[in-house]
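Engineer: for reference, the sequence and a predicted model appear below.
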Amino acid sequence: MKMALRACLRTKPGLTALLSQLSCSGHAAARRAPALVAQRSSSSTSQKIKVDFDQSSGVAVMHMQSPPVNSLSLEFLTDVCIALEKLEMDKSCRGLVVTSSQPKVFSAGLDILDMYGKSPEHCAEFWKAVQEMWLKFYGSNMITIAAVNGSSPAGGCLLSMTCDYRIMADNPRYSIGLNETKLGIVAPFWFKDTMVNTVGHRATEMALQLGLLYSPAEALKIGLVDQLVHEDQVLTTATETMTKWLAIPGILNISYTCHFFHLWCCNLVCTICSCVCQVIAAKKIHLSQDF
Ligand SMILES: CCCCC/C=C/C(=O)SCCNC(=O)CCNC(=O)[C@H](O)C(C)(C)COP(=O)(O)OP(=O)(O)OC[C@H]1O[C@@H](n2cnc3c(N)ncnc32)[C@H](O)[C@@H]1OP(=O)(O)O
């Protein structure tokens, strides 16, 4: 699925334009962008994101450093998007590892305080930033690996699922999953689709209906993460794994993308049809009650 968006971005200038319109340009441009300096190794830091880029390997490491739990606030999401845009523009950057600088937590998901009691304008901007993060990760031309070194509920799990590969710390105290149902929230359809593409229909159905959070061992079993390693090894394993991925010529990825993009389009059409059917059914019920 991620590959699909990537192919689409490569082949359809229209979508690229659409994405750049959706991109941070509005709220993000006003913020100071962390610079990537063209040298062998560089480091750029915004308040909430630190990016270390090693030019010799072409791999960047994005450290999320927004205490206490890397919750995805508008400010945080904006910084992530700016950093991603910068890396994407630097053609020498081919791989990205995302990890957390916070102990015990990868990301706590959407910032609940940024969703509650805010103006409609703020909520709209916030929601746009959430979608933008998803699009930018899923549509990235880089190989992306999530080094999940702590708990990763809800939006944190979504973030990790937008990556090509997930390595999680093998600590039973940590958990990962889309637990929105337990919070009384319905996970948006694109959260659901991202999970379907990761673990399949049945596992997603169970996970979402019950709002399940999985231990690392359970997550590995259903394919929500790809590999478990000792806590201290998460980042090094991620960079080693990246070497394997980058050894595959990018062109081969593209051929898979066409297939996945087709599936993605079918899925979208199905979702739209199902929404239309639900509206028609609701109207019919309403009409039949009138008579
Ligand atoms: C409108 C439609 C939206 C649909 C989609 C929604 C997606 C989402 O992502 S909703 C957010 C769901 N997130 C969660 O359910 C996570 C809740 N948090 C936790 O489970 C835990 O905090 C933890 C496992 C991530 C970390 O546990 P621990 O290390 O024990 O830390 P604390 O629980 O003590 O939390 C520390 C501190 O952080 C605040 N906090 C935690 N999560 C969030 C959050 N998502 N947003 C904002 N703030 C959060 C928590 O309140 C504590 O604050 P203080 O009490 O002020 O220290």
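Structural biologist: Noted; the coordinates are in hand. Numbers count the residues shown, from 1 in each chain.

Engineer: give the contact list for whichever residue of the stretch 1-150 of the chain sits closest to the ligand.
Structural biologist: Residue nearest to the ligand within the stretch 1-150 of the chain: residue 109 (2.6 Å; C-beta to the nearest ligand atom). Where C-beta positions appear, they are placed from N, C-alpha and C, glycine not excepted. Contact partners of residue 109, counting by C-beta atoms under 8 Å, 6 or more residues apart in numbering, are 71, 72, 152, 153, 154, 155, 156, 157, 158.

Engineer: out of those residues, which sit inside helices?
Structural biologist: Using DSSP state H, the members of those that fall within helices are 155, 156, 157, 158.

Engineer: these also near the ligand: which ones?
Structural biologist: For the ligand, the contacts drawn from these by C-beta under 6 Å from any ligand atom are residue 155.

Engineer: can I get the ones in helices among the contacts of residue 109 in a markdown table with pLDDT?
Structural biologist: Formatted as a markdown table, the ones in helices among the contacts of residue 109 follow (pLDDT from 0 to 100):
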| residue | pLDDT |
| --- | --- |
| 155 | 98 |
| 156 | 98 |
| 157 | 98 |
| 158 | 98 |
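
Engineer: get me the contact residues on the stretch 101-250 of the chain for the ligand.
Structural biologist: Residues of the stretch 101-250 of the chain found near the ligand (C-beta under 6 Å from any ligand atom) are 104-105, 108-113, 115, 151, 153-155, 179-180, 183, 185, 187-188.

Engineer: ok, now with 5 Å
Structural biologist: For the stretch 101-250 of the chain, the contact set with the ligand under C-beta under 5 Å from any ligand atom comprises 104-105, 108-113, 151, 153-155, 185.

Engineer: show me these that map onto strands.
Structural biologist: Judged by DSSP state E, strands contain the following of these: residue 153.

Engineer: nearest to residue 55, of the residues of the stretch 101-250 of the chain next to the ligand?
Structural biologist: Of all those, residue 105 has the smallest distance to residue 55: 30.1 Å, by C-beta to C-beta.
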